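Q: quick one, fold the following:
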Amino acid sequence: MENHRNISEFILLGLSYNQNIQIFCFVLFLFCYVALLVGNLLILVSIQCSPLFHQPMYYFLLHLASIDICYTSTVTPKLIADLLVERKTISYGNCMLQVLTMHFFGGTEIFILTSMAFDRYVAICRPLHYMTIMSRSRCNLLILAAWGGGALHAFPLFSTAVGLPFCGPNEIDHYFCDIFPLLKVACTDTYITGVLVIAFSGMVALVTFVVLFVSYGIILFTLRNLSAEGRRKALSTCWSHINVVILFFGPVIFIYLRPPTTFPEDKILALFYTIIAPMFNPLIYTLRNTEMKNTMRKVWCQTLYSKGAHN
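A: Okay, the predicted model is just below:
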């Protein structure tokens with residue numbers, strides 16, 4: 001760790017120098033973060049307290065909601081707090097931890113979304129074998145694989161960040177620590193390292209996106225064989241998943257699948273996959289899902305009714 005001793009902290013330049021914009025962003029992102037926490041906690045409790053817990057799709061949704069909370073909490077609380085201070089700093093240790101946790105939870109989310117696409121593929125294309133293929137043991141295996149995939153994605157990037165020498169400038173033109181902004185301030189030629197990051201991180205996102213795109217293409221093609229009611233219900237669920245995939249993967253692919261450089265616009269695009277997409281997940285999965293809405297209504301009405309009767 002000798003080559004890191006000249007740098008004990010990094011200065012984050014944040015989203016804007018304008019104080020009015022910072023105050024606006026503080027209010028906006030605080031609202032987004034609270035909405036994200038409340039929405040995902042409602043999903044967690046509703047699924048846990050209902051028969052939906054035993055359905056594979058909602059079992060995956062339960063884990064997606066948990067990951068969304070963990071993933072966004074690696075970046076958003078510090079972003080919100082930094083909007084109130086003039087000098088935004090992060091220690092070297094916390095910076096490296098942010099790189100690790102963000103890519104770990106982000107990678108896990110990517111693979112959980114892939115598992116959800118596989119679940120919808122089996123439900124629509126192999127309905128007679130659905131319960132056999134999507135058994136609870138198979139679902140647990142897919143979740144375990146998602147966590148393992150997240151770790152395999154995160155640790156090489158973390159090792160790369162820890163191995164970088166920092167001895168000169170320590171200003172990061174971003175609102176959190178990420179691998180490309182760190183490469184920009186490292187005291188060594190990082191071109192080869194940047195290419196390796198693209199080959200590993202960017203290709204993971206691209207390949208996963210292509211797999212998801214093809215899966216949903218096959219699903220939508222298969223829907224023509226269903227009844228009008230079955231087609232409507234399946235389309236409602238599939239479009240929810242497709243919206244989540246586009247919101248999350250679009251900015252990720254743009255940032256990580258290109259020559260190793262950074263642009264000022266990256267900070268705006270990063271907001272989509274760190275805050276905005278996770279915030280919209282609960283809305284997308286509930287407002288477009290009649291079964292989920294009915295379950296939430298039943299669970300929370302029963303809870304409020306029992307509390308009222310008790311009082």
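
Q: list the helices and strands the longest helix seen in the chain packs on?
A: In the chain, with assignment by DSSP state H, the single longest helix is helix 92-125. Secondary-structure packing of helix 92-125 (3 or more CB pairs under 8 Å, 6 or more residues apart in numbering; DSSP states H and E): strand 9-12, helix 56-73, helix 130-133, helix 136-163, helix 179-185, helix 203-222, helix 228-256. (C-beta placed from N, C-alpha, C; glycine too.)

Q: now the ones you listed as JSON lines including mean neighbour count, mean pLDDT and distance to Cys25?
A: Formatted as JSON lines, these follow (neighbours: other CB atoms under 10 Å; pLDDT from 0 to 100; distance: least, CB to CB, whole Å):
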{"stretch": "strand 9-12", "mean neighbour count": "18", "mean pLDDT": "89", "distance to Cys25": "14"}
{"stretch": "helix 56-73", "mean neighbour count": "22", "mean pLDDT": "92", "distance to Cys25": "15"}
{"stretch": "helix 130-133", "mean neighbour count": "13", "mean pLDDT": "90", "distance to Cys25": "45"}
{"stretch": "helix 136-163", "mean neighbour count": "16", "mean pLDDT": "92", "distance to Cys25": "26"}
{"stretch": "helix 179-185", "mean neighbour count": "20", "mean pLDDT": "87", "distance to Cys25": "19"}
{"stretch": "helix 203-222", "mean neighbour count": "16", "mean pLDDT": "84", "distance to Cys25": "26"}
{"stretch": "helix 228-256", "mean neighbour count": "18", "mean pLDDT": "78", "distance to Cys25": "18"}
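
Q: for His103, find the nearest of the ones you listed.
A: helix 136-163 (4.0 Å; CB to CB).

Q: what is the end-to-end distance of stretch 185-201?
A: For stretch 185-201, the first and last residues are 20 Å from each other (CA to CA, to the nearest Å).

Q: could I get the buried residue list for it?
A: Buried residues in stretch 185-201, defined by neighbour count with 16 or more other CB atoms under 10 Å: 185-186, 190, 193-194, 197-198, 201.

Q: pretty sure Leu62 is touching Leu41, no?
A: No. The criterion here is CB atoms under 8 Å, and Leu62 misses it with Leu41 at 11.5 Å.
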